[in-house]
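A.B. asks: Take a look and give me a structure for this.
(2 chains)
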Amino acid sequence: VSIDPVSLEVVRHRLERIAEEMDLVLLKSAYSPIVKEALDAAAAIYDPAGRIVAQSLGIPGHLGMMVSAVRNILTAHPPETMHKGDIFIMNDPYEGASHLPDLTMLMPVFSGGRVAALTASMVHHQDMGGATPGSTPANATEIFAEGLRLPILKLHQRGIPNQTLLEIIRRNVRVPDIVMGDIHAQIGGCRLGRTRILELFRRYGRERVAAYVEELMDRSERLTRRCIERIPDGRYTFFDYVDDDGIVPHAPVKVQVTVEVSGSDLHVDFTGSSPQVSGPINCPTSFGRAAVYYVVRAITDPSIPDNEGCYRPVHITFPPGTVVNPLPPAAVSVRIVTAKRMADVLMGAFAQAVPDRVHACSNGQLSVIYVGGTDAETQRAFVGFIGVPWAGGMGARRHKDGIDVVATDVENTMNFPVEACEMEFPLRIHEVQLWRDSGGAGRQRGGLGYRAVVEWLRGAATMSHRRDRHDFAPWGLFGGMAAPTCKTIFRGRDGTERVLPSKAILQFAAGDRLEIYTTGGGGYGDPLERFPQAVLEDVLDGRISRQAAEDVYGVVVDLEAESVDLDATAARRALLAGERRRDMMFDRGPEVTARCAALDGPPAP
Amino acid sequence: MFIGVDVGGTFTDVVGYRPEAGRLWATKVSTTPGSPDQGVMQGVRAALGLAALDPSAVAALRHGTTVATNAILERRGARLGILTTAGFEDTLIIGRMKRGKLYDLALDPETPLFLAPRRRIRGIRERIGPRGEVLVPLDEADVAAAARLLVQKHQVEAIAVSYLFAFANPEHERRTREIVLREAPHVYLSLSSEVDPRFREYERLVTTAFDAYIKPAMAMYLAKLRAQMVEAAIPARLQIMQSRGGIADPDTILDRPITAVASGPAAGVIGAAHAAGLSGYGNLITLDIGGTSCDVSLVHAGQPLVSTEGRLGDYPLRVPSIDVRSIGAGGGSVAWLDEAGGLRVGPHSAGAAPGPACYGLGGGQPTVTDAGVVLGYLNPEYFAGGRLRLQPELAHQAIRERIARPLGLTVPQAAAGIHRILNAAMAEALSLVSLRRGHDPREFALVAFGGAGPVHAGRLAAELGVPCVIVPSKPGVLSAYGLLVADVQHEVGRTFRDEASRVDLAEMRRAFAELDAACTEKMQRDQVPLDRVRVARLADVRYVGQSSELRIPIEAGPLGAASIERLVEAFHRTHLAVYGYRWPQAVEIVNIAAVHSCTLPKPAAPPLARPRRRSAPRPKGVRPAYFDECGESVEAALYERDGLAPGQAIRGPAIVEQADTTTVIYPGQRAALDLAGNLIVRGVGGSRRRRPG
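C.D. replies: Coordinates of the predicted model:
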């Protein structure tokens, strides 16, 4: 088949649009707030060899996330054994899924009597059973506590629904109607993809489409390789920590990466990361791969058409038995914590190679606080989450401040509106405000995090609190400073006060409150070089305190006149410049630097 | 005479209609960007001149304005202050957290931070709960202090008030207005409970803030225009087009100016729907392709699709609007090769300056317009009615150097490729508006307008299986025409949340009575006969647990248990059509709305006379044109639109030229003017040749 460059581009548009349309149908018709408001779902088209042809892109963490699942399904059920009307599902992280709530579905597309393509969808379901609502118990030590584990199974066989399986799922989840609704939405998405692919085959011919897909992959590979060639060859190592595994408080878990750039190939090796842990932060390789893919796309060229070819130059080593490649039956439900840290350390490694393409560390965590119980008033069982932003601030860039409270790197979820949350669940949110001084200081300042106060109103509930960066701050770059660490304070109705570790499960009763502080991003460049007017604006807008303006930025402001005292500022900056070490590539914050030294010897250069 | 004036970026379009004479006059004058009211008045005078009438003959002046849009796009709105519930001052900054550009590490914030810096956003001690209950009473001293601070220290001209759950209980916002106006009688105010009384605090706040942001500019503009009308001795009423496609009194617009933000595109859709309706077509996809963008919308059974979940760029804007989707593709879209030799078209555009290579303004990049020149579709001497002389050799050169030579194609092949890729991208976008709404495009007709719409429509229709293309007679002034044919229309909505099976009917009747009363009050301002007002009721419905809704009409007549049952059944059916399944699950109502409309006398040009004998149309010449399926240049017959008589059959390949557009009739297609004056192109689409309804 000869390749006509125009048809090639037309077919590419079509394939990408099909994946996008599958995703849209899925999102629009889904039930659970987590899918609807957080857009935690993905759709993709694969070829019969299990290679990515096109994928929808709502959340970077979904990049290539279904690859392992799809390949394992194809190994267990080679295309020639599939039948029309078959639908496969699975959620076992040890067969290629990422954690139990993420259900992968795969549907063969038959053309000319054989499987010519596959459509796949993935949804983060509201609940998959297990010890706590939402199926992400922060204290699980085995996957068995995390919920219903489905190996590769046929949900439909030759078009006939597997009632046994559906009934088992219904019986094992807390909100069966919602889960069934979302499974239906997944089927709808896959079916739509199948219809559209068949239309495409009719139009261009199956063989021709296959040849075009091959060519598109080759081209994406060439484009990605060109970008990698421009990165200086070398080995770049960086490490950081997850606070703990949720079982042993404050016992840091190391994540380390070495990126070796040689020519147009990237070797990414996580050797040096901690052995797998007993808590649920172990990150299956499917999700770790998504973290690597995200960083590769962000620092190469996101306009390169996205398919298997983009990832051919990337070679990843996940050493088995470590926190980035756990062996069964390790618990994995809170793997996002580790995946975010993997994105952070990759950014730190690339900062050494391409300093103007990266940002300082972002807040590095996703605070998901699940609550579940029975509403004392309506007697309805519910699984919900607390409607405050899930992310904090973004790290500063070489030429721009970080953005306040925004989804960064592998995740890209929407927050749940305060009003939706209070209408849905028995809780009250008293405030959600930017947290002053939570953006790391720098010539470019990190984006701010937030402070929120939440009160439980009626009855009892179980809360699963999973966060991170309570112990290890987001680092600053090239003289920029670290942001503060996160914290959560539990205030009981009886006046008790308790500082929570980053991962905790607790019982909530009416009148109990949580005070949540989520940090911002690290700074970039020396804060003493920040434009004084920008510091003044930050003080006037309450992003930094007057104290920090003077002590950290060396800027003296006159609040009455809304102006900078230039003479006092010059003097103050000269003084601070003499007192401070200003040549650090990374600043991990004073306490952490001391701790790192104790754990590992001196920090990275 | 009824006059419709639509202000665009370059031209102000005017259409006048005189019922007594049964005649339409159309013209264009230059837009006067600094004070658009002057261009409007020049347009009115031009129309009067054409009809040889004096100002006292103007019966109504209907107007589509871009003042609101421009104030936002150019960031020239009011100096704004915002009052929120204390503790939630940062709703505007935090937004919904999600970013639109996934891998762009240099991205900018995607919330409208330019509306007000944090220091001008003040929290007020008060709190209302989800059922409208007062949890913390309004701290009136707090309001007064904040108002003084904003007005005296920060010099704000407008204040937006958006408290949590104000849609469930507007009392605190109303009391806040009283206090603010006591402190600062001249400040402009917008309350979220009036602008967008529905849940989700970020979207409501942004909509309310934009409303306040454009209020002073809109008030000043409308006052100037009214003064000019008085000065010109025009006794007529001024009426303004709203984004939802109905016209309203200026005072109604000033209550909520954000409802007029997409005035022009809405008028275009109304005009297109009406023009196609004259030929008997009710199911339409409208397609307006200009230099930088392509606007698409769907009309079903003569009714444009109205959505309340609109967007303005990155920002949510929840006001009822005709659902016009804008795709960043048009004549100026640039064709380029990526490093792997892949041919790409867009998303960047050469814009108007330097514009396509053939403009000769220094733009060397090949664009879609350049491809149109190379293919022989566009007449270099007659582009935009001859106002712009194109340089074909520059178009050839750009495509040869940058595309054809590197790809080993001939120049026409490369140009045809550029069109094919653009058409494919646009077809994808077009199918979004139809298929995703559960409609089959094969049951629709494509109404093409804008300078480039009728160039591409034949191909797009073929791609989508749309059986016919309609090119209205005056595609260049369709928005101004739309102003003359629009209804007076008002929509008022609110959150009303209840499971369908246990709706409190008395409560719902009360709610609708309130909405009806609000609509009636607005209708009275329009001085229309109230007995001719039609009332429609709508509900936003979803399955319990879902969080996006479908808008479903409630049938007319008294509201009873049976109407709710039928609403639920209609919802199940629509859900099946749109998302592919229905589900035996509880259904809940989330919001309700009342829409009141009153049809005004519409221009009715007498139908064209059918010629007694069938004659062949006479071409004004031939031009070599390239079509993929012919594989080489062929002689395409060239027709002047004004020279065509109804029924005369044109066979493709052919090109029909007129001052404001070019229609390409592709090989195998045929076209003819019908008695309504529309050019109908057939033989374009799929196997089924159903006549669209």
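A.B. asks: For the rest of this, base every contact and every neighbour count on C-alpha atoms.
C.D. replies: Fine.
A.B. asks: For the stretch 51-200 of chain A, give me the ranges with low pLDDT.
C.D. replies: Scanning the stretch 51-200 of chain A for pLDDT under 70 picks out no residues.
A.B. asks: Look at the residue in it that chain B sits nearest to and tell me its secondary structure.
C.D. replies: Using CA to the nearest CA, the closest approach of the stretch 51-200 of chain A to chain B is made by A:G188 at 6.4 Å. Classification of A:G188 by DSSP: H, G, I helix; E, B strand; the rest coil places it in helix.
A.B. asks: That one and A:E16: what is the separation?
C.D. replies: From A:G188 across to A:E16, the span is 18 Å (CA to CA, to the nearest Å).
A.B. asks: now B:V411
C.D. replies: 28 Å.
A.B. asks: check contacts around A:A131.
C.D. replies: Applying CA atoms under 8 Å, 6 or more residues apart in numbering or on different chains to A:A131 gives the contacts A:137, A:140, A:145-147.
A.B. asks: meant to ask about A:L434
C.D. replies: Neighbour list for A:L434: A:404-405, A:448-451, A:543, B:90 [criterion: CA under 8 Å, 6+ apart].
A.B. asks: Kindly recompute the last result at 7 Å.
C.D. replies: The contact partners of A:L434, by CA atoms under 7 Å, 6 or more residues apart in numbering or on different chains, come to A:448-451, B:90.
A.B. asks: Turn those residues into a markdown table, columns for distance to A:P108 and pLDDT.
C.D. replies: Below are these laid out as a markdown table (distance: CA to CA, whole Å; pLDDT from 0 to 100):
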| residue | distance to A:P108 | pLDDT |
| --- | --- | --- |
| A:L448 | 46 | 98 |
| A:G449 | 44 | 97 |
| A:Y450 | 45 | 96 |
| A:R451 | 47 | 96 |
| B:D90 | 47 | 97 |
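A.B. asks: Quick check: A:G246 touching A:P501?
C.D. replies: No. Using CA atoms under 7 Å, A:G246 is not in contact with A:P501; the gap is 8.2 Å.
A.B. asks: quick one, which of those two is more surrounded?
C.D. replies: For A:G246 and A:P501, the more surrounded residue by other CA atoms under 10 Å in any protein chain shown is A:G246, and the numbers stand at 28 against 23.
A.B. asks: how about the nearest residue to the more buried one, chain neighbours excluded?
C.D. replies: Residue nearest to A:G246 in three dimensions, not counting chain neighbours: A:K503, with 5.0 Å by CA to CA, 6 or more residues apart in numbering or on different chains.
A.B. asks: Show residues contacting stretch B:388-400.
C.D. replies: Outside stretch B:388-400, the residues touching it (CA under 7 Å, 6+ apart) are B:357-360, B:364-366, B:370, B:373-374, B:380-381, B:383, B:411, B:415.
A.B. asks: buried subset of those?
C.D. replies: For those, a neighbour count by 16 or more other CA atoms under 10 Å in any protein chain shown gives the buried set as B:357-360, B:364-366, B:370, B:373-374, B:380, B:383, B:411, B:415.
A.B. asks: What residues does A:A97 make contact with?
C.D. replies: A:66, A:69, A:91, A:286.
A.B. asks: could you dump the contacts of A:L434 to JSON lines with distance to B:H172 and neighbour count?
C.D. replies: JSON lines is the format used below for the contacts of A:L434 (distance: CA to CA, whole Å; neighbours: other CA atoms under 10 Å in any protein chain shown):
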{"residue": "A:L448", "distance to B:H172": "31", "neighbour count": "34"}
{"residue": "A:G449", "distance to B:H172": "30", "neighbour count": "32"}
{"residue": "A:Y450", "distance to B:H172": "27", "neighbour count": "28"}
{"residue": "A:R451", "distance to B:H172": "25", "neighbour count": "23"}
{"residue": "B:D90", "distance to B:H172": "20", "neighbour count": "20"}
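A.B. asks: after the helix or strand bottoming out on mean pLDDT in chain A, next one along is what?
C.D. replies: Least confident helix or strand, chain A: helix A:33-36 with a mean of 58, by mean pLDDT, DSSP states H and E. Sequence-wise, the next helix or strand downstream of helix A:33-36 (DSSP states H and E) is strand A:41-46.
A.B. asks: shaky segments in the stretch 301-450 of chain B?
C.D. replies: B:433-438.
A.B. asks: what are the ranges of the helices in it?
C.D. replies: B:368-374, B:392-399, B:405-407, B:411-435 (DSSP state H, counting those that start in this stretch).
A.B. asks: Need the winner for burial among those helices.
C.D. replies: Each of the helices of the stretch 301-450 of chain B was scored by mean neighbour count; the highest is helix B:368-374, a mean of 28, by mean count of other CA atoms under 10 Å in any protein chain shown.
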